[in-house]
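Trainee: 3D, please:
(one chain, ligands or ions: 1)
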Amino acid sequence: MQAYLILANGRVFRGVSVGCPGTTIGEVVFATGMVGFEETLTDPSYYGQIITQTYPLIGNYGMNSEDVESTKIWARGYIVREACKTPSNFRSEETLDAFLKKNGIIGIEGIDTRSLTRTLRESGVMNGAITTEFDPDAEPEKKAALLPEIAAYAVVDAVKTVTCREAVTYEPTAAGAWGDTPLHVALLDLGCKNNIVRCLQKRGCRVTVLPGTTTAAELATLNPDGLMLSNGPGDPAENVEIIANIREMLSTGIPTFGICLGHQLTALAAGAKTCKLKYGHRGANQPVTSPAKQRTFITSQNHGYAVMADTLPESVGQMSYFNANDGTCEGVDYLKWNCFTVQFHPEANGGPKDTEFLFDQFVSRMLAAKGVINNA
Ligand SMILES: NC(=O)CC[C@H](N)C(=O)O
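Mentor: Model (predicted):
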């Protein structure tokens with residue numbers, strides 16, 4: 001079946017349908033990872049977006065039920081050069097096409113993803129639609145009718161849509177290095193990836209995943225050892241109430257670690273500003289430099305917004321990492337709160353895992369706050 005990608009600027013790409021037939025509209029973004037397509041597809045941070053994979057062969061090692069980052073695909077569409085129909089891997093349970101169909105996702109393959117990516121890099125991310133329902137060249141009036149809808153699309157209520165409805169507690173999967181009593185981490189689910197939970201469980205933490213709208217008073221009733229602020233979708237500045245809640249939670253001095261959206265919301269809570277990047281950072285080879293460690297780490301990333309470092313008062317926090325490609329803020333160490341945050345993904349399961357040590361840093365902070373060790 002034929003499928004068409006129509007960009008907001010009117011450009012059309014002709015391809016073949018993958019996943020479900022129909023019409024879908026979203027913000028078209030590109031992700032450059034060569035592996036990790038399953039983690040990308042199930043990452044709630046892609047809510048509202050149509051994902052383009054720049055690597056030309058996707059689905060070659062199949063899909064499995066263990067590596068998913070959430071219960072389903074939250075993205076609104078999927079664009080690949082070639083969706084592999086004969087995956088080969090001992091862990092593979094189904095094809096990419098079957099997984100897209102199961103999730104009701106409309107996709108397109110067989111288009112020139114290099115040309116599409118070049119357009120997005122030059123013009124910035126833009127809205128688009130995938131349709132199997134009409135040929136935009138043969139029926140230009142249908143295309144003309146769809147273009148205003150494409151232009152009007154906006155990602156809204158993102159965190160409220162993807163966050164969990166009820167608290168769930170996960171037990172540790174290993175003993176902590178300090179002994180058998182687990183540390184209790186409250187994880188604010190702003191669109192949380194499962195691997196954040198796994199990274200804490202395997203370090204001896206009991207993890208209670210809480211709805212993103214949890215208040216500081218509700219958090220206090222749990223009396224956790226630490227607070228984790230997850231990744232998540234949408235424009236960070238949209239979350240006015242959650243930002244106020246986070247400010248109140250942090251003022252208690254609780255050891256806190258924020259990732260991606262968690263990093264952005266903490267900065268907003270501290271009075272800094274965020275901005276939208278031209279085409280974001282989505283991939284597994286983003287270099288981030290730590291001036292303190294005099295080292296650059298290769299990281300996995302998926303974000304379209306960034307904290308404007310020059311809006312963060314020096315007395316409040318200091319930039320701990322910056323992006324070696326474009327200089328944008330990649331981490332903050334707070335002075336007035338017991339908190340550190342990063343824009344990149346130390347939990348990235350598709351890898352690289354070079355910055356997973358940040359979870360050990362978080363554990364040390366919790367142990368220091370409890371007086372189990374001297375300092376973090
Ligand atoms: N992965 C994330 O947490 C993304 C954060 C935010 N939605 C952004 O695009 O910048």
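Trainee: is stretch 287-300 anywhere near the ligand?
Mentor: No: taking Cβ under 6 Å from any ligand atom as the criterion, stretch 287-300 and the ligand are apart, separated by no less than 9.9 Å. For every residue, glycine as well, the C-beta is placed using N, CA and C.
Trainee: For that stretch, list every residue counted as buried.
Mentor: 288-290, 297, 299-300 (16 or more other Cβ atoms under 10 Å).
Trainee: So which of these belong to strands?
Mentor: Counting by DSSP state E, the part of the buried residues of stretch 287-300 found in strands is 288-290, 297, 299-300.
Trainee: what does the stretch 151-300 of the chain have sitting close to the ligand?
Mentor: 231-234, 236, 260-261.
Trainee: quick check, Val66 in a helix?
Mentor: To be clear, residue 66 is Glu; Val isn't right here. No: in this structure, Glu66 is coil, not part of a helix, as judged by DSSP: H, G, I helix; E, B strand; the rest coil.
Trainee: Mind pulling the model confidence for it?
Mentor: Among the per-residue scores, Glu66 holds a pLDDT of 96.
Trainee: What residues does the closest residue to it other than its chain neighbours make contact with?
Mentor: Closest residue to Glu66 apart from its sequence neighbours, by Cβ to Cβ, 6 or more residues apart in numbering: Arg91 at 7.2 Å. Arg91 makes contact with 61-62, 64, 66, according to Cβ atoms under 8 Å, 6 or more residues apart in numbering.
Trainee: just to revisit the earlier point, out of the ones in strands among the buried residues of stretch 287-300, which comes closest to Arg81?
Mentor: Comparing those against Arg81 with Cβ to Cβ picks out Ser300 as the nearest, at 21.0 Å.
Trainee: thinking again about what came up before, closest one of the ones in strands among the buried residues of stretch 287-300 to the ligand?
Mentor: For those, the residue nearest the ligand by Cβ to the nearest ligand atom is Ser300; the value is 9.9 Å.
Trainee: The closest one touches His281, doesn't it?
Mentor: No: judged on Cβ atoms under 8 Å, Ser300 makes no contact with His281 at a distance of 9.5 Å.
Trainee: anything in contact with each of these two?
Mentor: By Cβ under 8 Å, 6+ apart, no residue touches both Ser300 and His281.
Trainee: Now do the strands in the stretch 251-376 of the chain.
Mentor: 256-259, 273-290, 295-308, 317-323, 329-334, 339-342 (DSSP state E, counting those that start in this stretch).
Trainee: Comparing those, which comes out most buried?
Mentor: Counting by mean count of other Cβ atoms under 10 Å, strand 256-259 has the highest mean neighbour count of the strands of the stretch 251-376 of the chain, with a mean of 27.
Trainee: Can you lay out the strands of the stretch 251-376 of the chain as CSV showing distance to Tyr170 and mean pLDDT?
Mentor: CSV is the format used below for the strands of the stretch 251-376 of the chain (distance: least, Cβ to Cβ, whole Å; pLDDT from 0 to 100):
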stretch, distance to Tyr170, mean pLDDT
strand 256-259, 17, 98
strand 273-290, 26, 98
strand 295-308, 22, 98
strand 317-323, 28, 97
strand 329-334, 26, 98
strand 339-342, 22, 98
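Trainee: buried set for stretch 335-351?
Mentor: So for stretch 335-351, counting by 16+ other Cβ under 10 Å, buried means 337-350.
Trainee: ah, wrong one, I meant stretch 49-67
Mentor: 49-55, 58-64.
Trainee: Now flag whichever of the residues you listed is closest to Glu38.
Mentor: Once Cβ to Cβ is applied, the member of these that ends up nearest Glu38 is Met63, at 5.4 Å.
Trainee: And the closest residue in space to that closest one that isn't next to it in sequence, how far from Asn64?
Mentor: For Met63, ignoring the flanking residues on the chain, the nearest one in space by Cβ to Cβ, 6+ apart is Phe99 at 4.4 Å. Distance check for Phe99 against Asn64: by Cβ to Cβ, to the nearest Å, it reads 10 Å.
Trainee: what sits in contact with each of those two?
Mentor: With Cβ under 8 Å, 6+ apart, Phe99 and Asn64 have common neighbours Glu38.
Trainee: Could you work out the end-to-end span of stretch 160-172 for me?
Mentor: 27 Å (Cα to Cα, to the nearest Å).
Trainee: sorry, back to before: can the contacts of Arg91 go into JSON lines with extra columns for distance to the ligand?
Mentor: Shown next, in JSON lines, are those (distance: Cβ to the nearest ligand atom, whole Å):
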{"residue": "Tyr61", "distance to the ligand": "23"}
{"residue": "Gly62", "distance to the ligand": "25"}
{"residue": "Asn64", "distance to the ligand": "22"}
{"residue": "Glu66", "distance to the ligand": "21"}
